[in-house]
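K.L.:
just to be clear, the model below is a prediction. Sequence and coordinates:
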Amino acid sequence: QVELVESGGGLVQAGDSLRLSCAASGRTFSRYAMVWFRQAPGKEREFVAVADWSGHSTYYADSVKGRFTISRDNAKNRVYLQMNSLKPEDTAVYYCAAGPNYSVSTKEYQYWGQGTQVTVSS
């Protein structure tokens, strides 16, 4: 069992940066792939970035590649999403999730946080 709590969201201007954090409970955190998804109003939840159990393998959505960086600290049971050069279209609720498989599909992730709002003004 893994419980996830996101933090770090907020209201920023276009071009600013934010770092989201996801704190995980449980001793098995390092066994899971960790992912960030986001969901804008009226839209489906979409993949943002994923890191494998070690953090050495990562993958990004084309829309955030080069601007966002996912990382994890297994000693602290945390995963991060550094978001630079934010755009208004990045506005969404951001969710972290944990699952056994390194995947971009929501179906592969069994543990979810409650989400944190990111709003980027133009």
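P.N.:
Here it is on my side, so go on.

K.L.:
show the pLDDT at the most centrally placed residue in the chain.
P.N.:
Closest to where the C-alpha atoms of the chain average out (CA atoms, centre = their mean) is Trp36, at 2.5 Å. For Trp36, the pLDDT comes out at 98.

K.L.:
again with the one 5 residues further on
P.N.:
Model confidence at Pro41, expressed as pLDDT, equals 93.

K.L.:
the residue nearest to the centre of the chain: what secondary structure?
P.N.:
Under DSSP: H, G, I helix; E, B strand; the rest coil, the three-state class of Trp36 is strand.

K.L.:
quick one, what contacts it?
P.N.:
By CB atoms under 8 Å, 6 or more residues apart in numbering, Trp36 lies in contact with 20, 22, 48-50, 70, 79, 81, 94-97. Heads up, the C-betas are built off the backbone N, CA and C, glycines and all.

K.L.:
now do 10 Å
P.N.:
Residues near Trp36 by CB atoms under 10 Å, 6 or more residues apart in numbering: 6, 20, 22, 47-51, 60-61, 64, 68, 70, 79-81, 83, 94-97, 113.
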